[in-house]
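>>> Curious how this folds, go ahead:
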Amino acid sequence: MRLLFLGDVMGRAGRKAIQENLPRLREEWRADFVVVNGENSSNGMGLSGDHAKLLLDSGADCLTLGDHAFDQRDMMQFIESEPRIIRPINFAKSAPGKGYRLFTTRSGKKVLVVQVLGQVFMKRAFDDPFSAIEPVLKAHPLGGQAAAVLVDMHCEATSEKMAMGHYCDGRASLVVGTHTHVPTADAQILPGGTGFQSDAGMCGDYNSVIGMDKAEPMRRFITGMPKGRFSPAEGEATLSGVFVETDDKTGKAERISMIRVGGRLQEATP
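The predicted model follows:
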């Protein structure tokens, strides 16, 4: 199976890049299933229902969220009616939506998508991500009902992301980090057969400070004083993500490639 994951969509620039490039990208990489992290799509803070529809209509099979999952209030209701959106599994049990779901690809194969939030350096305390994901992995053994398993580890610390990768090694096809908006150069296949990358990067304008217009973040770093609100940079976006091809019998990764398309970063080819 061929899995395509694209990192955090950042504002209008990221949405436009997805809309204009994902259909072609899906065809070129012959992707069976596409997951997009969309939690910064709406002005850099959360995901609205309308913007979720745009990303899904552009070719995403599943959208994951993150710590900003419900910054846009309409997502509280929208996620209940749209099963293709996944929020973090270790949110409060009363949170709307689901933290994982078993999807069926166009060819009839099953893909399990799970999202989990880390704890290190995060502003809010979340439940332990490792104990939260364990029963889901046990209930969906790789190569059984789930032909592929994809885990979106949304957190700050690369160490925590790497720990999750090794924790899931042999039990997931891909563990990929999101949240920091900076792509890492460590795409690899772990010893047990799980594809891993610490952070997929963002789909947004890299002439920025992690997707935000440079002026206000730089002012705050230099002076320690805010003057205005953060706003997403709106130059040409780069699509950043990761591609994994799995063994049809075991679900384990056989090939992994970083993806950079358009904008300021080097373009990848299938």
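>>> following whichever helix or strand L63 is part of, which helix or strand shows up next?
Element membership for L63 (DSSP states H and E) is strand 62-64. The helix or strand immediately downstream of strand 62-64 is helix 75-81, counting by DSSP H and E.
>>> and that next one, what does it pack onto?
Applying 3 or more C-beta pairs under 8 Å, 6 or more residues apart in numbering; DSSP states H and E, we find helix 75-81 packed against helix 49-57, strand 85-86. Just so you know, the C-beta spots here come from the backbone N, C-alpha and C atoms, and that holds for glycine as well.
>>> residues in contact with it?
With contact meaning C-beta atoms under 8 Å, 6 or more residues apart in numbering, helix 75-81 is reached by 46-49, 52, 65, 69-70, 85, 87, 96-97.
>>> Please produce a PyMOL select command covering the buried subset of those residues.
Filtering those down to the buried ones (16 or more other C-beta atoms under 10 Å) takes a single PyMOL command:
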select buried, resi 46+47+48+49+52+65+69+70+85+87+97
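>>> Reformat the contacts of helix 75-81 as TSV; add pLDDT and distance to G38.
As requested, the contacts of helix 75-81 are exported to TSV (pLDDT from 0 to 100; distance: C-beta to C-beta, whole Å):
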residue	pLDDT	distance to G38
G46	96	9
L47	98	5
S48	97	10
G49	97	11
A52	98	6
L65	97	7
A69	93	10
F70	94	13
I85	98	8
R87	97	11
P96	96	16
G97	96	13
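>>> Among the contacts of helix 75-81, pick out the one closest to L22, please.
Closest to L22 out of these is A52 (14.1 Å), distances taken as C-beta to C-beta.
>>> tell me the contacts of the closest one?
If you count contacts by C-beta under 8 Å, 6+ apart, A52 has them with 38, 41, 63, 75, 78, 82, 85.
>>> farthest pair in the residues you listed?
Spanning the widest gap among the contacts of A52 are S41 and E82, at 13.9 Å by C-beta to C-beta.
>>> These two: which has the busier surroundings?
Each of S41 and E82 has its neighbours counted (other C-beta atoms under 10 Å); S41 has more, 32 against 15.
>>> longest helix anywhere in this structure?
In terms of residue count, the longest helix belonging to the chain (DSSP state H) is helix 11-28.
>>> Can you name the next helix or strand after it?
Using DSSP H and E, the helix or strand that directly follows helix 11-28 along the chain is strand 33-37.
>>> residue boundaries of the strands in the chain?
Counting by DSSP state E, the segments of the chain that form strands are 2-6, 8-9, 33-37, 62-64, 85-86, 100-104, 110-117, 148-154, 174-178, 188-189, 195-197, 202-203, 239-246, 253-261.
>>> now, of these, which is deepest in the fold?
Among the strands of the chain, strand 202-203 has the highest mean neighbour count (mean count of other C-beta atoms under 10 Å), at a mean of 33.
>>> for it, packing partners?
With contacts taken as 3+ C-beta pairs under 8 Å, 6+ apart, strand 202-203 sits against strand 8-9, helix 11-28, strand 239-246.
>>> how distant is the first one from the center of its chain?
Pointing back at strand 8-9 there. Its chain's C-alpha centre and that of strand 8-9 lie 7 Å apart, by C-alpha atoms, centre = their mean, to the nearest Å.
>>> what does it rub up against?
Strand 8-9 is contacted by residues 14-15, 18, 36-41, 55, 66, 178-179, 181, 200-204, 211 when judged by C-beta under 8 Å, 6+ apart.
>>> contacting residues around the residue nearest to the spatial centre of the chain?
When C-alpha atoms, centre = their mean is applied to the chain, the residue found nearest the centroid is N37 (3.5 Å). N37 makes contacts with 5-9, 63-66, 152, 154, 178, 200, as judged by C-beta under 8 Å, 6+ apart.
>>> Who is it paired with across the strands?
T64 (DSSP bridges).
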